[in-house]
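Undergrad: Everything below, folded, please.
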Amino acid sequence: MSSADRAESALRSHVTSVKEDLMTGVSFMIPFVTIGGIFLALGFAAGDTVEVFNNTGSVGWYLAQIGVAGLTLMVPVLGAYIAYAIADRPGLAPGFVLTWIIQQGTIVTEAGKVLGFNADGATAGYLGALVVGLVAGYVARWFKNRDVPSAIQPMMPVLLIPVATVAVLAPIVLFVIGAPVALANQALTAFLEGMRGSQALFVGAILGAMMAFDMGGPVNKVAYVFSVGLVSEGIYEPMAAVMIAGMIPPIGLALSNFIAPHKYAEEMYQNAKNGIILGFSFITEGAIPYAAADPLRVIPSIVAGSAVGGALSMALGVGMRAPHGGIFVIPLSNQPLMFLGCIVLGSLVTAAIATLLKGDFEEEAGTTSPSAQAGD
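TA: Numbers count the residues shown, from 1 in each chain. From the prediction side, this is the model:
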């Protein structure tokens, strides 16, 4: 193996490792998002939508407080478990504490003053959690791998490594990562909150296309994590767009299979029935059997349908507070009927394009078989 190949292999291995570390953090964060989104929605349903936080002691107020707690804790939990994935138990507390401090507007504002700019109460959000979790994990792992006398070895994971990691990283997190990322997060939040018309359509189409492109792969995960993180900022429209876009591929391809069964292998008909259930459950991977059999025709059709569904959802201002659940959490949307309508429209687009692009299965099998035999 040449040096270039070894470098490429090492880089590929490192990128895969980072992706796994990030997804570990996301998987631990999801239950907090779920609790936060659902209890906040119940709080709004039980109390006055506008005054629920002012009606102290009411049922709606209690439910809303639980929801806020879930959405507040989700960001430090993300940073903590990314660090945990890298350094194991010694990385957990540093990841949590360092992520937490850059979610405090007062602390970030004071750090901004030291650097000479006004952060104006901005917080680093989930973008900061992603960066801090990785940095805390790598530093904690470096301390963990040091050779130390056996007498102090028991103190390493619970005392020395957490304290040393926080002490080393605190100034870096505050002044190098925290304040600049907080400004970037503030600008991103303002852009997303102010999106109207063509901007919303464009962002929705991009998110939708990303959700369908690799059906649960890295591109899909980037769009999903981006949208889940925005839930903590109180921005729910991207979450609705990616959930709708993620439901469309298996449903749309199942519809195409039902409409034109002669264009699919006979055994795919049963897969179509399963695809409806998987699609309604927000499991995009239900489209993979179709894409594996005919990627050049299937992937464009599902990308188009999901882009249409995501774009329409963003343009209509459809929101979703829950990070998962598909059709079962539609009541938590601010516009349940529009949410459902976007799924239907996107699925019809996917079904129409897939049906038009695909040829008759028996004819294609007949034309490919002789050449395949000739190659034997």
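Undergrad: would you list every one of the strands in the stretch 51-200 of the chain?
TA: With DSSP state E, counting those that start in this stretch as the criterion, the stretch 51-200 of the chain has no strands.
Undergrad: where are the low-confidence patches of it?
TA: 195-197 (pLDDT under 70).
Undergrad: in what helix or strand does I30 lie?
TA: helix 3-46 (DSSP states H and E).
Undergrad: Can you get me the centre-to-centre distance for that helix and its chain?
TA: Distance, stretch centre to chain centre, for helix 3-46: 7 Å (CA atoms, centre = their mean, to the nearest Å).
Undergrad: what mean pLDDT would you report for it?
TA: Averaged across helix 3-46, the pLDDT comes to 83.
Undergrad: what are the ranges of the helices in the stretch 101-250 of the chain?
TA: Using DSSP state H, counting those that start in this stretch, the helices of the stretch 101-250 of the chain run over 105-115, 125-144, 161-171, 179-193, 197-213, 218-231, 237-259.
Undergrad: Tell me which of those helices approaches A287 most closely.
TA: Nearest to A287 among the helices of the stretch 101-250 of the chain is helix 237-259; the distance by CB to CB comes to 3.6 Å. All C-beta spots, glycine's among them, are computed from the backbone N, C-alpha and C.
Undergrad: For the closest one, list every residue counted as buried.
TA: Using 16 or more other CB atoms under 10 Å as the test for burial, helix 237-259 gives 237-257.
Undergrad: before we move on, what about stretch 213-226?
TA: F213, D214, M215, G216, N220, K221, A223, Y224, V225, F226.
Undergrad: Stretch 96-106 too?
TA: F96, V97, L98, T99, W100, I101, I102, Q103.
Undergrad: OK, contacts around the fourth one?
TA: So the one you mean is T99. For T99, the contact set (CB atoms under 8 Å, 6 or more residues apart in numbering) comprises V75, P76, L78, G79, A80, G128, A129, V132, G133, A136.
Undergrad: The closest residue to it other than its chain neighbours and S17, how far apart?
TA: Among residues not flanking T99 along the chain, G79 sits closest, at 3.0 Å (CB to CB, 6 or more residues apart in numbering). Using CB to CB, to the nearest Å, we find G79 at a distance of 17 Å from S17.
Undergrad: ok, those two, which is more surrounded?
TA: For G79 versus S17, neighbours defined as other CB atoms under 10 Å are more numerous around G79 (35 against 12).
Undergrad: isn't the more buried one right up against I101?
TA: No: G79 lies out of contact with I101 (CB atoms under 8 Å); the separation is 10.4 Å.
Undergrad: Quick one: end-to-end length of stretch 280-290, please.
TA: 17 Å (CA to CA, to the nearest Å).
Undergrad: mean confidence score for it?
TA: 89.
Undergrad: buried residues in that stretch?
TA: For stretch 280-290, using 16+ other CB under 10 Å, the buried residues are F280, F282, I283, T284, G286, A287, I288, P289, Y290.
Undergrad: Which of those residues fall within strands?
TA: In strands, defined here by DSSP state E, there are no members of the buried residues of stretch 280-290.
Undergrad: Considering these, which is situated nearest to K273?
TA: Of the buried residues of stretch 280-290, the one sitting nearest to K273 (CB to CB) turns out to be G286, at 10.7 Å.
Undergrad: List the residues that contact that closest one.
TA: Counting by CB under 8 Å, 6+ apart, G286 has contacts P249, P250, N274, G275, I277, L278, G279.
Undergrad: Give me the PyMOL select line for those, limited to the buried ones.
TA: Remark: buried members of the contacts of G286, expressed as a PyMOL selection using 16+ other CB under 10 Å:
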select buried, resi 249+250+275+278+279
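Undergrad: Closest to A322 out of the contacts of G286?
TA: Among the contacts of G286, and counting by CB to CB, the member closest to A322 is G279, at 16.7 Å.
Undergrad: How about the contacts made by the closest one?
TA: M247, I248, P249, P250, I251, G252, A254, G286, G326, S347.
Undergrad: just those residues now: which is nearest E266?
TA: A254 (15.0 Å).
Undergrad: you'd agree the closest one is up against I276?
TA: Yes: the criterion here is CB under 8 Å, and A254 meets it with I276 at 5.0 Å.
Undergrad: I figured M29 was touching P76, is that so?
TA: No: counting by CB under 8 Å, M29 does not reach P76; the two are 9.4 Å apart.
Undergrad: between those two, which one's more packed in?
TA: Neighbours per residue, other CB under 10 Å: of M29 and P76, the larger number sits with M29, 27 against 23.
Undergrad: and the more buried one, how far is that from A354?
TA: Using CB to CB, we find M29 at a distance of 34 Å from A354.
Undergrad: now P238
TA: P238 is 26 Å from A354, by CB to CB.
Undergrad: one step back: check which helices and strands the helix holding I30 is in contact with.
TA: Here helix 3-46 touches helix 59-87, helix 125-144, helix 218-231, going by 3 or more CB pairs under 8 Å, 6 or more residues apart in numbering; DSSP states H and E.
Undergrad: Please identify which of the buried residues of stretch 280-290 is nearest to L340.
TA: F280 (10.5 Å).
Undergrad: Now do the contacts for the closest one.
TA: M247, I251, G326, I327, F328 are the contacts of F280 under CB under 8 Å, 6+ apart.
Undergrad: rerun at 6 Å
TA: G326, I327 (CB atoms under 6 Å, 6 or more residues apart in numbering).
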